[in-house]
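Here is a sequence with its predicted model. Questions after.
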Amino acid sequence: MRNIASSSSTPKWTYDVFLSFRGEDVRKNFVDFLYSSLQQKGIYTFKDDEKLERGRSISSALLQAIKESRIAVIIFSENYAASSWCLDELAEIIYCNQALGQTILPVFYYVDPSVVRKQKGSFGQAFVKHEDEIEDKERIRRWRAALAEAASISGWDVPSTADGHESKCIQQIVEDVMGKLKNFVEDDEENHVGIHSRVQKINAFLNLVADEVRSVGIWGMSGIGKTTLARAVFDRISTHFEGAIFLHEVREHSKRYGLENLQEKILSEILRIKELRINNVFEGSNMIKKRLCYKKVLIVLDDIDHLDQLEALAGKHDWFGKGSRIIITTKDKHLLVKHDIDRMYKVEVLDKYEAVQLFSWNAFKKNCPAKDYEELSLQIVHYAGGLPLALKILGSFLYGRDMTEWRSEVERLKKIPEDDIMKKLTVSFDGLQRIEKEIFLDIACFFKGKKKENIARVLDSFNFYPHIGIKVLIEKSLITVSKGRILMHPLIQEMGWQIVREKAPEEPGKHSRLWVDEDICDVLARDRVTENVEGLWLHLSTPKYVAIKNEAFEKMIKLRLLKIHNAYVSRGPNHLPNEIRWLNWHGYPSKSLPDSFQAEKLVGIKLQNSRIIELWKGIKFLNKLKFINLSHSQKLIRTPDFTGIPSLERLVLENCSSLIEIHSSAGYLKSLKLLNLRNCTSLRRLPKQILLESLEVIILSGCSKVDEFPEILGPMNHLRAVYWEATAVKELPPSIENLTALVVLNLSYCKSLASLPSSISKLKCLKALILSGCSKLGRLPEELGYIESLEEIYGDETAISQPPSSIILLKNLRTLSFRGCQAMALSWRARLSSLVLHARGVKSW
């Protein structure tokens, strides 16, 4: 038995219900009906696939599903105990009940609870058989204890419920589950200060008893708790509908992925469709109306900011079935008026008592202030003006600080006007160091929602020390990290924008950062930029012509970050500021970078789909340049001389179809980790010799005219993968033995490859050798058997007539495949099967 104390006290509930049952007894009748009834009520239920291949022990996926289910419904039937799988499930359920607080609901399907509890009858017979066949007596003991425990819990006896009518019994079980889930929601709401009364008001507006379709709009300022309130209502009532979905951040999501994606989400979630593709908004609107007009649904549209979002996602009441409810959150009341929303609810700030509670939870981790801090707490609560987000930020900031720091903070807060909510939020910003402020503003203007790893790389190029800086911002509740991405509440982001704009609110060209498309297009076209601009981020959602004055970039002498995407520009810039660290211009319009561009601080160049023919002529000394990506630049003919770029780590030239040669200096880039030349179909020449000490991956897949593998001058101890598929290479050099860390060597469909050098046996880390489609390859070196690490060999469709006899020595071999090898005699196939396949369980060949 695992140690209960080691389990998490706050489990993640992925499923509402887990169904445990013996398939042969009840799957195609009782369980299928129960599962369908639960799903129809919006109860997310896990039921294993009847095609699931079952072994002797329960799968890790099933264990995880049990652990992540709030309620386990166990259906005890005649042959339940005969299945070791079911008994393992049951033991895990009992563990989760004790360790995680999971609720158990037993259902006795024509078996007496006492039979289950005492293991009599068919249950006793099953255990007689288990004890004969299973040596693990502790496992059997756990089964017996689990049965006794589960059968002692009050549940449902099918024969004695509703006079034995199974359909009515199932209805009652579903209602029981719904009631338990409702209690869970109510328990969760205790942690949402001030939410209960507001939920009651929204529920009164929704009037679930009414049969008609109703819509309710929740509106108010940023940070007031609209989303929190909508979520609480959704969690409480969602089980009353045939389908329900909560669409978070519609404004941001529609801008990034389009309204069609949100329409797909609505239909996929409610109709349980895994793969759905909508081509345009009009098609999506018609599909929603057609597919949901007879279905009772609950849809929450969070953070709406345009009428077209409402029209696309919830156009009219007749789109949905009787009893449906639509909830919208927005900062703009007029949107609700224009869309004829039935009822509107304005979210007000918290009252004093609620505000003290919320602040205390964040400042003291309890619902009231600590002794001696009451007066200071009241002063801060007064300052926050009942705004939930401000209370959370201030509470988190003061958590763990001493009395002196509290008093200092209270005095500082008095200097900020109380009627300006945006300025109230700057208290956390004001407490940052200079570099931390720069990081915050960059994230607010450019990087919200981006991967933390990528953001840190960019910020590091500005000498902003991002690893500690990002940590400080998280601690001060200015940002959060979820699934590897940096997130920021919209109100906090607006506060950052306000800070950037405050010195010249009507003159964007004087701002330190430009991120609003309209502002950027205007200042570039009118040449209104100034030397203040440090970052310019123009990412148009749809392609658009943009006029740029030649002088515009000359004035931005402090520009360190430049991104332009989806902007059609008639001609490229004559000048780029030398302060630039990151140059990201999708569709860069010039044949090369300006001759005057001497960006010694440049770290990254990303000019995908550009018109570049040659990046620059001659040698440029760019000691800090680490990343070059010119993928899909169809006119690129040659690479520059890399002699002056000693720090280059990633060189990506994928799908540069006109690229003919790679400069020989690329063979000596000591810092290079990735070289990607995939599908450079005109490429003929690589450096004849290479010594890339840091290289980890090299990709030349599809470079069909490359016929030579470079000579390797010395050990390359970091290269783990070589992808050289579909090239014209004829042979590998003996110096391949210098690839001492190589794990994957993929030479598939190299149709000119005739042999492998015996030195390949020196690759002591090689696990996968892929040679499929090498039609001229007639033999493998006898020394191949000395590569003890080899796990996979693919020699399909080659001319190999017989493998080396040493192959028997490959003790780690798991896959050996010679499909389609016409030259291989049947006698060799039989010998291989006898000596290798059967001996070590090697997969099919």
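That came through, no problem.

Point me to the residue sitting closest to the centre of this protein.
Centroid-nearest residue in the chain: residue 483, 5.2 Å away (criterion: Cα atoms, centre = their mean).

Poorly predicted segments of the stretch 451-600 of the chain, please.
By pLDDT under 70, the low-scoring segments of the stretch 451-600 of the chain are 477, 491.

try 90 this time
471-483, 488-495, 498, 501-506, 525-530, 541-544, 546-555, 568-574, 595-596, 598-599 (pLDDT under 90).

so residue 815 touches residue 796, yeah?
No - if you go by Cβ atoms under 8 Å, residue 815 and residue 796 don't touch, sitting 11.3 Å apart. (Each C-beta comes from the backbone N, C-alpha and C, glycine too.)

neighbour count winner among those two?
More crowded of residue 815 and residue 796, by other Cβ atoms under 10 Å: residue 796, with 17 against 14.

per the record, what domains does the chain have?
Per automatic domain parsing, the domain ranges recorded for the chain read 4-180, 191-346, 352-415, 434-500, 707-845.

So for the shortest one, mean pLDDT?
Read that as domain 352-415. Mean pLDDT, domain 352-415: 85.

ok so, going back, would you check how far apart the residue nearest to the centre of the chain and residue 234 are?
21 Å (Cβ to Cβ, to the nearest Å).

So residue 308 is in contact with residue 259, correct?
Yes - using Cβ under 8 Å, residue 308 is in contact with residue 259, at 7.2 Å.

shared neighbours of those two, anything?
Common neighbours of residue 308 and residue 259 (criterion: Cβ atoms under 8 Å, 6 or more residues apart in numbering): residue 281.

of those two, who's got more company?
For residue 308 and residue 259, the more surrounded residue by other Cβ under 10 Å is residue 259, and the numbers stand at 22 against 11.

so what's the backbone phi/psi at the more buried one?
phi -70, psi -30 (degrees, to the nearest 10).

Per-residue confidence at it, what does it come out as?
With respect to pLDDT, residue 259 scores 94.

For it, list the residues it contacts.
Contacts of residue 259 by Cβ under 8 Å, 6+ apart are 281, 284, 308, 309, 312, 313.

and the gap between the third one and residue 60?
Spelled out, it's residue 308. Counting by Cβ to Cβ - residue 308 and residue 60 are separated by 45 Å.

got the contact list for residue 269?
Counted by Cβ under 8 Å, 6+ apart, residue 269 has contacts 243, 245.

Within the helices and strands, which one has it?
In the assignment (DSSP states H and E), residue 269 maps to helix 259-271.

Give the next helix or strand downstream of that helix.
Counting by DSSP H and E, what follows helix 259-271 is helix 281-292.

Who are the packing partners of that next one?
In terms of contacts (3 or more Cβ pairs under 8 Å, 6 or more residues apart in numbering; DSSP states H and E), helix 281-292 is packed against helix 259-271, helix 307-313.

For the very next helix or strand once past it, the averaged confidence score.
Under the assignment DSSP H and E, the closest C-terminal helix or strand after helix 281-292 is strand 297-304. Strand 297-304 carries an average pLDDT of 94.

Now do strand 297-304 against helix 281-292, angle only.
150 degrees (axes from the mean of the first three to the mean of the last three Cα atoms, to 10 degrees).

What pairs with strand 297-304, parallel or antiparallel?
Sheet pairing of strand 297-304 (DSSP bridges) gives strand 243-247 (parallel), strand 325-330 (parallel).

Who are the packing partners of the helix or strand just after the shortest one?
It stands for strand 243-247. Later in the chain than strand 243-247, the nearest helix or strand by DSSP H and E is helix 250-257. Contact here means 3+ Cβ pairs under 8 Å, 6+ apart; on that basis helix 250-257 packs against helix 259-271, strand 297-304, helix 307-313.

Would you reformat the ones you listed as CSV and include distance to residue 131?
Listed next are those as CSV, based on distance: least, Cβ to Cβ, whole Å:
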stretch, distance to residue 131
helix 259-271, 47
strand 297-304, 51
helix 307-313, 59
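
Just read off the phi/psi values of residue 564.
According to degrees, to the nearest 10, residue 564 has phi -130, psi 130.

give me the number of residues near it?
The number of residues packed near residue 564 is 22, by other Cβ under 10 Å.

ok, it - contacts?
By Cβ under 8 Å, 6+ apart, the contact set of residue 564 is 536, 538, 546, 584, 585, 586, 587.

for the helices and strands packed on helix 281-292, which one sits closest to residue 719?
Nearest to residue 719, of all the helices and strands packed on helix 281-292, is helix 259-271, at 39.3 Å by Cβ to Cβ.

in that closest one, what's buried?
259, 260, 262, 263, 264, 265, 266, 267, 269, 270 (16 or more other Cβ atoms under 10 Å).

The helix or strand encompassing residue 104 pairs with which strands, and in what direction?
Residue 104 is part of strand 103-108, with elements assigned from DSSP H and E. Under the criterion DSSP bridges, strand 103-108 sits next to strand 69-76 (parallel), strand 156-157 (parallel) in its sheet.

Can you read off the pLDDT for residue 1?
pLDDT, residue 1: 41.

neighbours of residue 82, just the number please.
Counted with other Cβ under 10 Å, the neighbours of residue 82 add up to 19.

can you list the contacts of residue 259 in TSV and add pLDDT and distance to residue 729?
Below are these laid out as TSV (pLDDT from 0 to 100; distance: Cβ to Cβ, whole Å):
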residue	pLDDT	distance to residue 729
281	92	49
284	93	49
308	93	54
309	95	54
312	95	52
313	96	54
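
returning to that earlier point: same list (the domains of the chain) but as JSON lines, adding distance to residue 646.
Formatted as JSON lines, the domains of the chain follow (distance: least, Cβ to Cβ, whole Å):
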{"stretch": "domain 4-180", "distance to residue 646": "46"}
{"stretch": "domain 191-346", "distance to residue 646": "37"}
{"stretch": "domain 352-415", "distance to residue 646": "44"}
{"stretch": "domain 434-500", "distance to residue 646": "16"}
{"stretch": "domain 707-845", "distance to residue 646": "17"}
